[in-house]
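Visitor: Show me the folded form of this:
(2 chains)
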Amino acid sequence: MSLLDVRDLSVVFQRRGEQPFTAVDKVSFTVEPGQTVGLVGESGCGKSVTSLAIMGLLPKRGNKVSGEVLFDGADLLKLRRDDMRDRRGRDIGMIFQDPLSSLNPVIPIGVQVAEVLERHQGRDRKQALREARELLDAVGIPDPDRRLKEYPHQISGGMRQRALIAIALACKPRLLIADEPTTALDVTIQAQILTLLKQLVDETGTALIMITHDLGVVAGLCDTVNVLYGGKVVERARRHELFAQPRHPYTHGLLNSVPRLDSIRGERLHAIRGSVADNIPWGEGCAFAPRCDNVVDACLEGPPPLEPTATGGDLRCNNPVSEEVAVP
Amino acid sequence: MTEPTTQAGPPAPRRKGERPGRTGGNVNRLGDRKKARLEELAQASAGKGGVSLFRDAMRRLRRNPAAIVGATIIALFVLVAIFAPLIAPHDPVQRFDELTSKLAADNIPGPTAGFPLGSDELGRDLLSRLIYGSRQTLFVGVLATLIGLAIGVLLGAIAGAFGGWVDNILMRVTDVMLALPALLLAITLVALASRSSQWTVILAVAIVNVPIFARLLRGSMLAQRESDHVLAARALGVKQRSIVLRHMLPNAMTAVIVQATLTLSVAIIEAASLSFLGLGDPDRDRAEWGAMLGDAGVRYFEVRPELAYYPALAIIVVALGFTLLGEAMREAIDPKNRR
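Guide: Model prediction:
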């Protein structure tokens, strides 16, 4: 059985007097124990909403979540609020994008790490602080004794993210959701944090959902990648297949728009036409059609289905990029 | 002319060639000393532990001249209030024969030997009454602010934490209270009490300031509720109670604490205004600046205007002290001013 089995997860934002907006549209994917799964897409494609829906952290009002989120066979969406609260932080950890704003500015780092241990493992403060020290050490924070007493604004961005990782992993959750964990960091620190995540995931056997818009992050870390567009999965493939043979024109475009060291100087970087604002609703066709280079008539006649590919992935496209065309 | 060439040219290779060991040793020794110094610095800062936002703000506060002036005024005021019996030359209640003998409808004695500021309208020592008046001002001002703060924080926290209809009802009530001018509301509240005393003044001033605290805290609680670190805490399964008390409230309180300092000056003026209007403590023996200003200051203004000047000046200076400190605190706590 999969550790996490998301089935037809939909999130519809509905505000009184406004058109409902489908942020996540029947997204399904699975995460096996110890596996790293990527959710990739540009801003507004529903990646973060998906993760918040899994965690049950969407606001109580103004949205409708449907589908199933089976964690160990139990549907998280049907859990009572208290039961879900007990699971958050213990069974599923989460790391957010901005490490400074994700830490409480008025509580020392050590206490913030200790808090989650006290909450879920019933430790007393003293014991929790001792364990917090070890955790900070484990995520590579130098001089952990000193950092325990320091406040978030006193330590560097990289260290803050390490502290957040320590907090998220404190209770040894079986699943870690990292929502753009490196976006707010500069490139050298990004690499360190990714290396750390990879190492911790390997050591502890924690499954990881990596949410990112950065294909470079995916390339180094993920076993399977789900590419989201307009709230739907448009392509799913194992990492190697995805990079070697992107089939969906959107994935293809994303990979083409990554600057490369061996590109010709002065050559313009490839860009996908238009923006997310050009999407058409999935009900009328393929949301990506207005921006697609491969668009055919069928694309405007209804949503293309998600179909298995020969290489073991899934693809939602009427006219995929042919398999012969490799990324330049 | 030969010297520069010898200095510029040969020395470098000579040093290299002749004393390689010593140069190396020098560098090493320097490194050791530097290392030791760094170690020392690291240990010094390690011992200090974390610098909280509060301590950081205090540091910035100390560098602000307005804060220093305000704090000095407040410190003097508080010291005078505490040590009034030691500082005051006379009993503030006693009528002195040497003053009463000279009292007349058109004459109130000015400064004489032993009475530096002269007499009040009843032959009491004006200076002593001013000094004792600071006690009443401090007591009423601080207590009214604290009570207003406590009730306001409670209501604001409830409104901000729960939202929904609780929030709606509380905020409509504060809207009504804020719609009325503060002093008018305070007068009404005092008038509602069957018997006026200093407690009615304290309560009236406190209640007038409740909606200000409540609204302010509610606003920052709402901002906190949407903040990333509260979301992060929820993602860790932290219980609702802890989220409100440990994650939202402490972060939302900074604005309220600044407001409390500013409110102190408002409360002092409001309390003095009520006394001025004769709505304060009916005990005429008790020295109170607002009452002194209202009773004697107005009635005998043409005979001896100092009876009005001194208490008025005292009220203004003390209120200014709290305002200066409050504004400086607001600046110090404002995250935009962080270096």
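Visitor: Ignoring the adjacent residues along the chain, who's closest to residue B:200?
Guide: Nearest residue to residue B:200 in three dimensions, chain neighbours excluded: residue B:193, at 4.3 Å (CB to CB, 6 or more residues apart in numbering or on different chains). In this view, the C-beta of every residue, glycine as well, is placed from N, C-alpha and C.
Visitor: wait, residue B:90
Guide: Closest to residue B:90 by CB to CB, 6+ apart is residue B:125, at 4.1 Å.
Visitor: what are the phi and psi angles of the one you found?
Guide: Here is the backbone geometry of residue B:125 (degrees, to the nearest 10): phi -80, psi 120.
Visitor: tell me the contacts of it?
Guide: B:88-92, B:94, B:96, B:99, B:115, B:117, B:119 (CB atoms under 8 Å, 6 or more residues apart in numbering or on different chains).
Visitor: so of these, which ones are in helices?
Guide: residue B:99 (DSSP state H).
Visitor: Out of the contacts of residue B:125, the closest to chain A would be?
Guide: residue B:88 (43.2 Å; CB to the nearest CB).
Visitor: quick one on the thing from earlier: from chain A, how far off is the residue nearest to residue B:90?
Guide: Counting by CB to the nearest CB, to the nearest Å, the separation of residue B:125 from chain A is 49 Å.
Visitor: Would you quantify the distance from that residue to residue B:109?
Guide: With distances taken as CB to CB, to the nearest Å, residue B:125 is found 11 Å from residue B:109.
Visitor: joint contacts of the two?
Guide: Residues touching both residue B:125 and residue B:109 (CB under 8 Å, 6+ apart) are B:99, B:115, B:119.
Visitor: Return the residues of chain A in contact with chain B.
Guide: Contacts of chain A with chain B, taken as CB under 8 Å from any CB of the partner chain, map to A:55, A:57, A:85-90, A:93-94, A:96, A:98, A:101-108, A:115-116, A:119-120, A:143, A:145-146, A:149-151, A:153-154, A:164, A:167-168.
Visitor: Buried ones among these?
Guide: With burial judged by 16 or more other CB atoms under 10 Å in any protein chain shown, the buried subset of those is A:55, A:85-90, A:93-94, A:96, A:98, A:101-108, A:115-116, A:119-120, A:146, A:149-151, A:153-154, A:164, A:167-168.
Visitor: May I ask which of the shared contacts of residue B:125 and residue B:109 has the most neighbours?
Guide: Highest neighbour count within these, by other CB atoms under 10 Å in any protein chain shown: residue B:119, with 25 neighbours.
Visitor: residues in contact with that residue?
Guide: Counting by CB under 8 Å, 6+ apart, residue B:119 has contacts B:96, B:99-100, B:102-103, B:108-110, B:125-126.
Visitor: Which residues of the stretch 151-300 of chain B lie near chain A?
Guide: B:227-229, B:231-239, B:242, B:246-247, B:250-251.
Visitor: Which of these fall within helices?
Guide: B:228-229, B:231-235, B:242, B:250-251.
Visitor: Looking at those, state which has the most neighbours.
Guide: Ranking those using other CB under 10 Å puts residue B:233 first, with 28 neighbours.
Visitor: from memory it sits against residue B:244, does it?
Guide: No - with contacts counted by CB atoms under 8 Å, residue B:233 stays clear of residue B:244, the gap being 10.4 Å.
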